[in-house]
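# Structure of the sequence below:
(2 chains)
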Amino acid sequence: MSNSYSSTSILSDPASTVASRQVTFETPERMGNASNFAFATGNCENVLSQAFADRCFITDSTSYVEMAEWRIPLVSLEHDEIEFIVNYRTHGTVSACNVRFTIDIDGSTFTSVLSLSSTTNGFANNDVTVTFPSGTHYYATLTMEIIVNSGAEVEMFSVMAYFKRLASPLTAGFKFQYNNATAITPYGINRLKVNQAFTSRFAHNMIDNITELRKRFRSLLSWSGVYNTNSTLFPSFLDAAISQIYIGVGDIGTLLSYPMLPSGFENLDFDKLQLHVKAIGDVDFTFFGQSLSINQASDTTVGWHIFDLEIDNGELSVLGDTRLPYYNATFDDNEENKTNLISLGNLRFNRYPPALTGATKTTGTIIGLTLIGV
Amino acid sequence: MLISTAYSLLPNKTSCNNGEILFGSSVSSMSNALNQLNYVKFLNRTNYPIMRSAYVPLIDTLGYSRDTMNSKYTPSQGRITKGYVESHKLISATRLVSDWIAVVIQYESGSTSQDAGSSAFAPVIDVEIGLLNDSGSGYTQVAVVDYGIRFNSADSLELSSETSTQTASSYMVDSGYIIPAAIPTNTTPEAPRPLYIPNTVGAYQARGERVVFNISCTDCKLKSFSTFDLYKADRS
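The predicted structure follows:
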């Protein structure tokens, strides 16, 4: 018995089992294959995507400094290998430039270091295998740090990360998505071939599997401010190192994400659309039609906060030409955002994090934002 | 067969207990739900916001330091001059069943008082897909997967009407969802259409691998770039 899958035979015909039609064995066989395929490969795509232009993401730091931080959804507690790929270039004389990603899953941390040497426009990649701590986990926090040798600088163009899909066949035994409470049961494909019993267990497991897989989160928007930019080689403001750190009024209607909300979405009785926000101090804002409030211990407290978003049909607008009901989720064009987000009338005179300690000049700001949805 | 987009109700598990008569519709519901998972919910997508310099001439003029330029104060960053060019390499981990891909682009064009048809200012965005392969020393592009498409004023790109401030509005443009009847064979960018990933390119597997979207912009700036595996209502 092999819990295998093949991408070429995952379509099962719903019409083959309705009344007056003969049940063909291909249907349950393909259903088992489709279930294995969905578990092994579903959402094994970009969980982090962000790009940078205008030389705004550049650093000359000779010690590791935090440049950005994101939240990413996990695929399952079985998908434990994550790969990072960056598009970048170096400037100056390069001997030892690295980017270090640290993935934090409820306090358990794992690091991956990518060596950077391209002087034109190159890629660097590395992966890391994580060990999930016990408990329920559906997201991780990902921190990016960079170090360069003296005289060198690193300019980042784009960053992505994804969890590698599980190979076929899946290993034997129950699989768990975000906790050990509800199992996903892979199907032994040989047990679904012609003249095999069509069992009650098949149906029970299939309903459980589908229910669990519907809960799998996907990354819809990953945005982080870029915190510690600096350039000696390009000292002019016009040329480099003027990165965006805080969400501003210019992000209203322009920092876009596209949750897909098909019919039946509202009836799903589990977490299905979450906004993760990294903020300094307190801040009230409106996103996707919902007024959200962050209250923290002090003006210098930096933390992530999670909001379950509801669908506000009055705020929705369909994104055209993609054939599916993708909607446009962004900061709303309203007075709350215009007042509270950073603007020329609401400036912050310091950059995070150097001025953070003992200062209130960075408070009331959003410095990281991730939208995940099922 | 038709692929339902909806999260339909699943059968009651008790209807599948031993001793119960299992109606075909129960299996049909499960089959529908699996097809929805693999061909709707798990369709591949990427969404790249493009961060740009937070430099603001006004803040600079007022004498504030670099530390004050730390946010996005307007929807537009402007500063696009005639002949401005930029390029981007945005990576996507594709699915084993990815084939036709729609792209949705947010961009900011240059400023001119000329009509869009004028040669004075002609924004162009080219999108090509390359295949990345890591043979042990890191990823490099080993093949062109799709020579891609070109957006220009004749195919949807708009110009700003502002002339004095060099600020502009954000515009959206997309490849559309009409899947061509034939696999593309162009070797230079052609009119907008969905992009295509074949199963293999030369000796390389393409579907399920990492690809890079090579994007070139002239007379305009990229603000965000999103891709969507196209939903097909009818599959066989």
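
# A helix includes residue B:28, no?
Yes. Residue state for residue B:28 (DSSP: H, G, I helix; E, B strand; the rest coil) corresponds to a helix.

# so it touches residue A:14, yeah?
Yes. Under the criterion of Cβ atoms under 8 Å, residue B:28 makes contact with residue A:14 at 4.3 Å. Where you see a C-beta, it was placed from the backbone N, CA and C, and this is true even at glycine.

# Pick out whichever of those two has more residues nearby.
It is residue A:14, of residue B:28 and residue A:14, that has more neighbours when counted by other Cβ atoms under 10 Å in any protein chain shown, with 24 against 21.

# quick one: the helices in the stretch 51-200 of chain A?
A:200-214 (DSSP state H, counting those that start in this stretch).

# So which bits of it are right by chain B?
Within the stretch 51-200 of chain A, the residues that sit near chain B (Cβ under 8 Å from any Cβ of the partner chain) are A:51-57, A:85, A:87, A:121-125, A:157-158, A:160, A:162, A:165, A:198, A:200.

# Buried subset of the residues you listed as a ChimeraX selection?
Here is the ChimeraX command that picks out the buried ones among these, judged by 16 or more other Cβ atoms under 10 Å in any protein chain shown:
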select /A:51,52,53,54,55,56,57,85,87,122,123,124,125,157,158,160,162,165,200
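
# Next step: the residues of the stretch 51-200 of chain A next to chain B restricted to strands.
With DSSP state E as the criterion, strands contain A:51-52, A:85, A:87, A:122-125, A:157-158, A:160, A:162 from among those.

# Looking at these, spot the one nearest residue A:261.
Nearest to residue A:261 among those, counting by Cβ to Cβ, is residue A:162 at 23.6 Å.

# burial count for the nearest residue to the closest one once chain neighbours are set aside?
Leaving aside its sequence neighbours, residue A:162 sits nearest to residue B:93 (Cβ to Cβ, 6 or more residues apart in numbering or on different chains; 4.0 Å). Around residue B:93 there are 25 other residues, counting by other Cβ under 10 Å.

# domain parsing for chain B?
B:1-42, B:44-229 (automatic domain parsing).

# Ok, which of these comes nearest residue A:229?
domain B:44-229 (9.5 Å).

# Pull the distance from the closest one to the chain's centre.
8 Å (Cα atoms, centre = their mean, to the nearest Å).

# That domain: end-to-end distance?
End-to-end distance of domain B:44-229 (Cα to Cα, to the nearest Å): 5 Å.

# Where does pLDDT dip in the chain?
No chain in the question, so chain A it is. A:1, A:16-25, A:312-322, A:354-360 (pLDDT under 70).

# Please refer instead to chain B.
B:21-23, B:111-120, B:158-169.

# By residue count, tell me the biggest strand in it.
When chain B is scanned for its longest strand (criterion: DSSP E), the result is strand B:139-151.

# can you map out the helices along chain B?
B:24-36, B:57-61 (DSSP state H).

# Can you give me the neighbour number for residue B:2?
Residue B:2, neighbours per other Cβ under 10 Å, totals 12.

# Could you count how many residues lie near residue 201?
Using chain A here. Quick note: residue A:201 (other Cβ under 10 Å) scores 11 neighbours.

# Switch to chain B, please.
Applying other Cβ under 10 Å, we find 21 residues neighbouring residue B:201.

# what's the answer for residue A:71, then?
Count around residue A:71 with other Cβ under 10 Å applied: 25.

# swap in residue A:300?
For residue A:300, the neighbour count with other Cβ under 10 Å is 18.

# Isn't residue A:138 up against residue A:76?
No. Residue A:138 lies out of contact with residue A:76 (Cβ under 8 Å); the separation is 9.3 Å.

# Please verify my assumption that residue A:123 contacts residue B:139.
Yes. With contact defined as Cβ under 8 Å, residue A:123 reaches residue B:139; the gap is 4.2 Å.

# what do those two both touch?
A:85, B:132 (Cβ atoms under 8 Å, 6 or more residues apart in numbering or on different chains).

# most distant residue from the middle of chain B?
Distance from the C-alpha centroid of chain B, by Cα atoms, centre = their mean, peaks at residue B:19 (50.7 Å).

# residue contacts, residue 187?
In the absence of a named chain, this looks at chain A. Taking Cβ under 8 Å, 6+ apart as the test, what residue A:187 contacts is A:3, A:31-33, A:35-36, A:202, A:205.

# Please refer instead to chain B.
If you count contacts by Cβ under 8 Å, 6+ apart, then residue B:187 has residue B:147 around it.
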